[in-house]
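**Student:** Let's see this in three dimensions:
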Amino acid sequence: YNPLRSDDSIRLLHILPATEASERLSVLCKEHIRDAEETYITISYTWDNQPFTREILVNGGRLLATHNAYEALKALRQVDRTHCVWIDAICINQTDDAEKIKQVRRMRDVYANAQHTMIWLGDPTPGITAAMRFIHSL
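**Tutor:** Next up is the predicted model:
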């Protein structure tokens, strides 16, 4: 991670397209200044104390993520276009406590300024499918 240049900055991921589901998940991570005109999606998901075992290529380098974070990003990956997203586990440097404190304070603004939020409940199971049917019926 490069340090953020401003307290008004966040990192955004650009999920690179893939023609086959088996292709490695690859993203570009770029600094985003608050006033810049860029639309993005926030991803809300469960950490569930999962280990960081799933490999994502970030700016050409290897980063380990949780299974849920990986699957949420993979679910948004398209064949023909790039998606711009914010996901805490990758957009915030988890090894820098000072950055984490500053960025967590900004999360309300991050979510409020997003085009929309994707809620990732996890891999499809009968319980999750039933929950999604209930949500859609509201």
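
**Student:** from here on, contacts and neighbour counts on C-alpha atoms
**Tutor:** Will do.

**Student:** Roughly how far does residue 61 sit from residue 49?
**Tutor:** As defined by Cα to Cα, to the nearest Å, residue 61 lies at a distance of 24 Å from residue 49.

**Student:** who has more neighbours, the two?
**Tutor:** Of the pair residue 61 and residue 49, residue 61 is the one with more neighbours under other Cα atoms under 10 Å, namely 11 against 7.

**Student:** So residue 108 belongs to a helix, correct?
**Tutor:** Yes - counting by DSSP: H, G, I helix; E, B strand; the rest coil, residue 108 falls inside a helix.

**Student:** Tell me, how many residues neighbour it?
**Tutor:** Counted by other Cα under 10 Å, the residues lying close to residue 108 total 10.

**Student:** residue contacts, residue 1?
**Tutor:** Residues in contact with residue 1 (Cα atoms under 8 Å, 6 or more residues apart in numbering) are residue 93.

**Student:** Tell me how far it lies from residue 95.
**Tutor:** Residue 1 is 10 Å from residue 95, by Cα to Cα.

**Student:** so what pLDDT did residue 124 get?
**Tutor:** pLDDT for residue 124: 68.

**Student:** no, scratch that, I was asking about residue 35
**Tutor:** On pLDDT, residue 35 comes in at 66.
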